[in-house]
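Student: Sequence and computational prediction follow.
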Amino acid sequence: MSSITLMMIKPDAVENGYIGKIIEKVTSSGFKIRALKLTQLSKYDAQRFYYVHRERSFFPDLVNFMSRSPIIAAVLEKKNAVSDFRNLIGSTNPVEADEGTIRNLYASSIAENAVHGSDSDKNAKIEASFHFSGRERF
Ligand code: ADP
Ligand code: MG
């Protein structure tokens with residue numbers, strides 16, 4: 001049984017020209033793209049997306065970062081999509097990310113860490129619906 005996860009290629013990685021390299025790594029790792037777009041979060045969108053982190057000290061910086069320039073959003077499908085994608089992207093802090101992971105290769109810092117991946121099947125569904133209408137998903 002396959003499942004989905006929600007990927008974002010964050011503003012730092014888009015600004016640094018890594019869209020193609022990251023998508024190539026994702027698809028060659030067995031993920032199927034079920035939705036994909038270039039979009040930009042408003043500050044309000046970023047506050048809603050990261051609502052669980054609203055009490056954290058880094059929250060204002062996170063909202064400013066995630067809304068400062070365009071992102072790629074994508075729904076990815078694979079068996080064990082959530083956990084396999086978390087393994088592919090590596091630890092939140094790129095200095096702790098395993099060699100060859102997306103954050104090891106393309107992230108700048110713990111704050112500007114190149115990609116987002118959902119942390120549960122439930123949140124993957126919520127986050128996919130956050131970014132995509134039914135007509136944008138396949
Ligand atoms: P992940 O993206 O690995 O699931 P979290 O859900 O804990 O990580 O945090 C969400 C995002 O908030 C991170 O990807 C990163 O952009 C930012 N962030 C997390 N922890 C910190 C921190 N200690 N300092 C600055 N930014 C952080
Ligand atoms: Mg998270």
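Tutor: Yep, it's here. Ligands and ions are numbered 1, 2, ... in the order given.

Student: rest of the way, CA atoms for contacts and neighbours
Tutor: OK.

Student: quick one: contacts for Asn93?
Tutor: Counting by C-alpha atoms under 8 Å, 6 or more residues apart in numbering, Asn93 makes contact with 103, 109-111, 113.

Student: Now for those residues: which two are most distant?
Tutor: Within the contacts of Asn93, Arg103 and Ala111 form the most distant pair, 11.2 Å apart (C-alpha to C-alpha).

Student: Pick out whichever of these two has more residues nearby.
Tutor: Higher neighbour count among Arg103 and Ala111: Arg103, with 29 against 16, using other C-alpha atoms under 10 Å.

Student: and that one, helix, strand or coil?
Tutor: Using DSSP: H, G, I helix; E, B strand; the rest coil, the structure places Arg103 in helix.

Student: wait, it sits on Asn87?
Tutor: No - here Arg103 does not reach Asn87: they are 10.3 Å apart, not a contact under C-alpha atoms under 8 Å.

Student: Where do the strands of the protein begin and end?
Tutor: 2-9, 32-39, 71-79, 115-117 (DSSP state E).

Student: Show me what the shortest one packs onto, helices and strands only.
Tutor: Using 3 or more C-alpha pairs under 8 Å, 6 or more residues apart in numbering; DSSP states H and E, the elements in contact with strand 115-117 are strand 2-9, helix 81-89.

Student: Include mean pLDDT and mean neighbour count when you put the ones you listed into a markdown table, please.
Tutor: Formatted as a markdown table, those follow (pLDDT from 0 to 100; neighbours: other C-alpha atoms under 10 Å):
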| stretch | mean pLDDT | mean neighbour count |
| --- | --- | --- |
| strand 2-9 | 98 | 22 |
| helix 81-89 | 98 | 21 |
